[in-house]
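**Q** Here's my sequence, what's the structure:
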Amino acid sequence: MQLIDYRDLSQAQRDQLVGIQVHPEQLRYCGDMASALYILLSTESDDMRGVVLLLDAEPRAFLLLQRGAFLPPWAAADAATISALQVDRRIQGRGLGRFCMQALPGWVRACWPDVRRLQLSVEPDNHAALALYRGTGWIDSGNGYRARKGYECQLTLML
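**A** Okay, here's the model as predicted:
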């Protein structure tokens, strides 16, 4: 397994990436690949990156990383934020999300050495995501985006 920048994918891998699907009940939390790619490809800024998890050279998971002008108001100035984490439903439960969260700090340090923390916002009823993040060292750090009731949980991982 390895993390790779979307820009470094071959055309065949980009074509495979659009096949990543999450379970229908997860769509409200992370969206779908078409939406994530639309956001990524709408800018050519170095402050937004698509990170792809390859398993046997095939894309199996994806997330968006953002910093600088793309940071939400709740994020720290020295942060990069994660959104749209999607692990292909056909291979969920095999540790791919955990691998992403464990490999991501090194990937971010190499890509953006000035970033000092990773942050994200997750709905309080997204128990699987909260367990993944907290289980890989993320700590509760306040309110994130507005949720259906109140606010999402903001989590931070210091680099």
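**Q** Please state the mean pLDDT value computed over the helix or strand containing Q16.
**A** Element membership of Q16, judged by DSSP states H and E, is helix 11-17. Average pLDDT, helix 11-17: 95.
**Q** List of residues touching stretch 54-61?
**A** With contacts defined as C-beta atoms under 8 Å, 6 or more residues apart in numbering, stretch 54-61 is touched by 1-4, 9, 13, 16-17, 20, 52-53, 85-88, 91, 96-97, 100. In this view, the C-beta of every residue, glycine as well, is placed from N, C-alpha and C.
**Q** ok, now stretch 7-16?
**A** For stretch 7-16, the external contacting residues (C-beta under 8 Å, 6+ apart) are Y6, L17, R49, G50, V52, L54, A57, E58, P59.
**Q** which element is the residue sitting nearest the centre point of the chain on?
**A** Centroid check for the chain by C-alpha atoms, centre = their mean gives L63 as the closest residue, at 3.3 Å. Using DSSP H and E, L63 sits in strand 58-66.
**Q** go on, L120?
**A** Using DSSP H and E, L120 sits in strand 117-122.
**Q** send the alpha carbons of that strand over as CSV?
**A** Extracted in CSV, the C-alpha atoms of strand 117-122 (Å, rounded to 0.1, in the frame of the first residue of the first chain):
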residue,chain,number,x,y,z
ARG,A,117,-1.2,19.9,12.2
LEU,A,118,-3.9,18.0,10.4
GLN,A,119,-7.5,18.9,11.2
LEU,A,120,-10.9,17.6,10.1
SER,A,121,-14.6,18.0,11.0
VAL,A,122,-16.8,14.9,11.4
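**Q** for the record, mean pLDDT for that strand?
**A** 96.
**Q** The helix or strand that it is followed by versus strand 117-122: what angle between them?
**A** Where DSSP H and E defines the elements, the next helix or strand beyond strand 117-122 is helix 127-135. Relative orientation of helix 127-135 versus strand 117-122 (axes from the mean of the first three to the mean of the last three C-alpha atoms, to 10 degrees): 160 degrees.
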